[in-house]
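Undergrad: Next one to model:
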Amino acid sequence: MVITKQFVHLYEIVRSSFIMEAKKITESELEILNIIWGKGTATVREVHEILEKQKQSGYTTTLKLMQIMLEKGILKRKENERSHVYEAAVEKEKTQGNLLQKVIDNVFNGSASGLVIQALGNKKTTKEELDEIRKYLENME
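TA: As a prediction, this is how the structure comes out:
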């Protein structure tokens with residue numbers, strides 16, 4: 001049911017039709033944000049250790065990306081500790097909503113239903129998941 005919950009959450013974000021202040025977030029920045037959102041706060045070393053498990057990445061590259069994210073206002077830094085501790089300056093849901101809206105606009109010509117149809121067509125959806133989606137849609141009406 002995790003897929004259905006994610007689908008419902010994404011649909012709610014699309015339906016709310018709000019787009020956060022335009023901040024261009026790259027794929028690498030999004031990877032870092034996901035780590036920080038998961039941890040709450042993190043040092044460059046902590047982020048780098050997690051990233052290194054996912055892909056080959058140099059420490060200085062991670063440091064530079066996080067400095068750029070700080071300059072862009074995507075991250076905040078607490079400087080009162082020995083190691084600089086970073087936290088997200090953007091909300092996860094707002095950022096996901098913004099990115100999802102861009103996908104809907106650019107890939108699906110603004111059609112949220114196109115996104116939903118594609119998402120449901122790419123993977124076998126169980127009867128239970130479809131029942132859950134139906135209940136959600138009925139509640140929306």
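
Undergrad: how close does residue 34 get to residue 107?
TA: In this view, residue 34 and residue 107 are 21 Å apart by C-beta to C-beta, to the nearest Å. Quick note: C-beta positions are derived from backbone N, CA and C, even for glycine.

Undergrad: Same check on residue 121?
TA: Relative to residue 107, and taking C-beta to C-beta, residue 121 is found at 14 Å.

Undergrad: ok, these two, which is more surrounded?
TA: The neighbour count for residue 121 versus residue 107, taken as other C-beta atoms under 10 Å, is higher for residue 107 (12 against 9).

Undergrad: Name the SS class of the residue of the chain most remote from its centre, please.
TA: In the chain, counting by C-alpha atoms, centre = their mean, residue 82 sits farthest out from the average C-alpha position, at 29.3 Å. Counting by DSSP: H, G, I helix; E, B strand; the rest coil, the backbone at residue 82 sits in coil.

Undergrad: for it, what are its contacts?
TA: Applying C-beta atoms under 8 Å, 6 or more residues apart in numbering to residue 82 gives no contacts.

Undergrad: again, only using 10 Å
TA: For residue 82, the contacting residues are residue 43, by C-beta atoms under 10 Å, 6 or more residues apart in numbering.
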